[in-house]
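>>> predicted model and sequence below, questions to follow.
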Amino acid sequence: MSEVPVRPTRENPAPAPGILAPGYTFTTLTDKLAAIALSRRTPLVWFIGIAVGFSLSMALLGALGYLVVRGIGIWGVNQPVGWGFEIVNFVWWIGIGHAGTLISAILLLLRQPWRNSINRFAEAMTIFAVACAGIYPAFHTGRPWLDYWLIPYPNTMGMWPNFRSPLIWDVFAVSTYATVSLLFWYVGMIPDLATLRDRAKKLSFKVFYGMLALGWRGSARHWARYETASLLLAGLATPLVVSVHTVVSFDFAAGIVPGWHATIFPPYFVAGAVYAGFAMVLTLAIPLRKVYGLQDFITKKHLDNMAKILLATGLIVGYGYCVEAFMAFYSGNTYERFMMFNRLEGPYKHMYWLLLFCNLVAPQVFWFRKVRQSVPWLFVVAMIVNVGMWLERYIIVVVSLHRDYLPSSWGMYHGTIWDWTTFIGTIGLFLALLFLFIRLLPMISIFEMRAILPEAKVHEAEE
Amino acid sequence: MPVPRLYGLMAEFETPQELVDAAAMTREAGFTKLDAYTPYPIEALTEALDIHDHRLPAVVLGGGIVGGLAGYALCYWTSVIEYPLNIGGKPFHSAPAFIVPTFETTILFAAFAAVLGMLALNGLPMPYHPVFNTPRFALASRDRFFLCIEAKDPKFDHDATWAFLTTLKPTVVMDVEE
């Protein structure tokens, strides 16, 4: 890391931190980034990480296995709270995924070259987060072996899905999102897989990366089409990512439960998703750059930019909270008003106040440049936001359901040990997949990093 | 032992600028069957080689249109013709509700068209290609820039082309065997 030796003054300002440390060439950059995947030496932290991730994944397997045997009664869900942890976690994970697409697609369209070092693992994060999210609705059906009934196909039962239901929209939105994210991620990796193929020493690695690279040879004609395809995919992924959390919010907004039935939900959910996602990108990027010595590529400038996005989306989320409260009173609807009072002083009030602290108060420290430049602060606030966004979904799902119209049907909900095991298990699965990815595939986009090197600048050919 | 046929001649450059200039000069010299190999996309090179192929956006547009029509047709056929369900008195043809699946299939088909179309137009996957026979070619994915004039070029003559490439001041000129 380049630190400023003299105290900056107005006449002699400190140089703005760049998006890439100086001194790299095509050769050194390629070798350093390719070595992460090709090196024989694996950092000890990796083994610890994969061990934790794998163990928790096994716990997930156990919890899901027991669920299949006993049914979803082992979870805390019952009347009136039929949607508990599983839907909370589903929305939380899906939301986390959104930052990956935002970084890879929207920032590409906006020509933000600082994204080039973080887009690859943010996209990987998207895919793994969506994989974790998908587990929940799949098992929440109660008979996961019949999940294929959700797919419209001609069958001997003569039955078809109901396309007026937001739940079937969700099937379409989430499965499309998972597929397109996977395509985008893989296509983005092809040139780097070719680099790994060419740099690998062992035949088995050459074959492994060679198969995945599809014979990529960096032809100018190929690059031209490749760039077109990337831009088009980015253009397609941008409305897609907005649609996904919009559709997720329809799962709630199309219902008549007080606390769900609100028109602010789609934009508020999308902003919340980006907010949660950037918090997770920071949570992952900060330890990764330390362990793998990537401070030259994921610089303080990146962290600073991400903190700014966190602050901006956090304010949009805060606006969402305000509108929810305002509408509850402005509507004049008794049940809406009660819902708001119940959040503020009902049995789950400590969660609501904690939510307000986590999502509204904590990120305000990012107004200060010093805080945005401080790695420990960033990490702590990002963790707080991760918790806050989980609480937000808990408030929306559980607190809305537990007291609706009829006081005689009110009830309380608490997650059971199986809910918690499943939740922590998916975190383990996420970590395990992420560590495998870091070990085997190029975690930073090598070819896009080459393009931002100073020596990559080319002016038009001299005719 | 059969003599390997020649695929073309390859010149290696150290910087992208040299390659872009060389590509432009090669085209000016009248060569048409040539390609450049670089470790990252260079927009100026696309210009210098005069690469104009606008088929991919059309393929993607086609994919999107097919996807959109297919999605809406699926919703309509299912909900109106094959399996009409009365859900809260809503019309069988609930167009607003069909927007979401239609939108998703539009994106899905267009994305597949973009990826598969790009791969197909690029002729990938292609595990074998003559350029890989050049031992130094592995550097094309690292830090070197290559220009290849193919033997099928009408102007191609081994010695003359070799001499021409040398005038472009590459670090090295190599035969590429088929």
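Sure, I can see it. Residues are numbered from 1 along each chain as shown, chains lettered A, B, ... in the order given.
>>> which neighbouring elements make contact with the one helix or strand B:Ala113 maps to?
Using DSSP states H and E, B:Ala113 sits within helix B:95-121. With contacts taken as 3 or more C-beta pairs under 8 Å, 6 or more residues apart in numbering or on different chains; DSSP states H and E, helix B:95-121 sits against helix A:166-199, helix A:220-253, helix B:55-76. The C-beta positions use only the backbone N, C-alpha and C, and glycine is treated the same way.
>>> any weak-confidence spans in the chain?
Using chain A here. A:1-17, A:460-463 (pLDDT under 70).
>>> look at chain B instead
B:1-4.
>>> kindly report the domain assignment for it.
As given by automatic domain parsing, the domain ranges for chain B are B:6-39+B:140-177, B:55-121.
>>> could you dump the ones you listed to JSON lines with mean neighbour count?
JSON lines is the format used below for the domains of chain B (neighbours: other C-beta atoms under 10 Å in any protein chain shown):
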{"stretch": "domain B:6-39+B:140-177", "mean neighbour count": "19"}
{"stretch": "domain B:55-121", "mean neighbour count": "18"}
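>>> helices of the stretch 51-200 of chain A, start to end?
A:85-101, A:107-109, A:119-140, A:166-199 (DSSP state H, counting those that start in this stretch).
>>> check which helix or strand covers residue 27.
By default, I'm working from chain A. Using DSSP H and E, A:Thr27 falls within helix A:26-38.
>>> please refer instead to chain B.
helix B:16-28.
>>> and the angle for that helix with helix A:26-38?
For helix B:16-28 against helix A:26-38, the angle by axes from the mean of the first three to the mean of the last three C-alpha atoms, to 10 degrees is 110 degrees.
>>> pull the residues that contact helix B:16-28.
A:220, A:455-456, A:458-463, B:11, B:13, B:34, B:36, B:38, B:42, B:44-45, B:48-50, B:145-147, B:149, B:164, B:168-170 (C-beta atoms under 8 Å, 6 or more residues apart in numbering or on different chains).
>>> quick one: strands adjacent to the longest strand along chain B?
Taking DSSP state E as the criterion, chain B has its longest strand at strand B:6-13. As defined by DSSP bridges, the strand partners of strand B:6-13 come to strand B:145-150 (antiparallel), strand B:172-177 (antiparallel).
>>> give the contact list for B:Lys169.
B:Glu18.
>>> one more pass at 10 Å, please.
B:Ala11, B:Phe13, B:Glu14, B:Glu18, B:Asp21, B:Ala22 (C-beta atoms under 10 Å, 6 or more residues apart in numbering or on different chains).
>>> now do the SS call for it.
Assigned with DSSP: H, G, I helix; E, B strand; the rest coil, B:Lys169 falls in the coil class.
>>> ok, it to B:Pro135 distance?
Here B:Lys169 is placed at a distance of 21 Å from B:Pro135 (C-beta to C-beta, to the nearest Å).
>>> next one: A:Ala131
From A:Ala131 to B:Pro135 the distance is 41 Å (C-beta to C-beta).
>>> please apply the same query to A:Gln295.
35 Å.
>>> who's more crowded, these two?
A:Gln295 (15 against 8; other C-beta atoms under 10 Å in any protein chain shown).
>>> leaving out the residues flanking it, which one is nearest to the residue most central in space within chain B?
The centroid of chain B falls nearest to B:Asn122 when counting by C-alpha atoms, centre = their mean (3.9 Å). Leaving out its chain neighbours, the residue that sits closest to B:Asn122 by C-beta to C-beta, 6 or more residues apart in numbering or on different chains is A:His222, at 4.6 Å.
>>> my guess is the one you found meets B:Val131, correct?
No - when contacts are counted by C-beta atoms under 10 Å, A:His222 is not listed as touching B:Val131 (11.7 Å).
>>> so what sits against both of the two?
B:Asp35, B:Tyr37.
>>> which of these two has more neighbours?
Legend: neighbour count by other C-beta under 10 Å for A:His222 and B:Val131, higher for A:His222 (24 against 19).
>>> distance of the more buried one relative to B:Phe145?
15 Å.
>>> adding distance to A:Asn359, write the domains of chain B out as a markdown table.
Shown next, in a markdown table, are the domains of chain B (distance: least, C-beta to C-beta, whole Å):
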| stretch | distance to A:Asn359 |
| --- | --- |
| domain B:6-39+B:140-177 | 43 |
| domain B:55-121 | 28 |
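>>> among those, which is nearest A:Gly259?
domain B:55-121 (21.3 Å; C-beta to C-beta).
>>> after the helix holding B:Arg27, next one along is what?
strand B:34-37.
>>> and that following strand, does that touch chain A?
Yes - applying C-beta under 10 Å from any C-beta of the partner chain, one finds strand B:34-37 in contact with chain A at B:Leu34, B:Asp35, B:Ala36, B:Tyr37.
>>> relative to A:Leu64, how far out is the last one?
With the distance defined as C-beta to C-beta, B:Tyr37 ends up 48 Å from A:Leu64.
>>> swap in the third one?
Using C-beta to C-beta, B:Ala36 is found at 52 Å from A:Leu64.
>>> the first one too?
To A:Leu64, B:Leu34 is 57 Å away according to C-beta to C-beta.
>>> and the residue of the stretch 251-400 of chain A nearest chain B?
Nearest to chain B, among the residues of the stretch 251-400 of chain A, is A:Ala254, at 9.5 Å (C-beta to the nearest C-beta).
>>> show the contacting residues for the spatially closest residue to B:His129 that is not a sequence neighbour.
Leaving out its chain neighbours, the residue that sits closest to B:His129 by C-beta to C-beta, 6+ apart is A:Arg217, at 5.8 Å. Counting by C-beta under 10 Å, 6+ apart, A:Arg217 makes contact with A:191, A:194, A:198, B:35, B:37, B:122, B:124, B:126, B:129, B:131-132, B:137, B:140-141, B:146.
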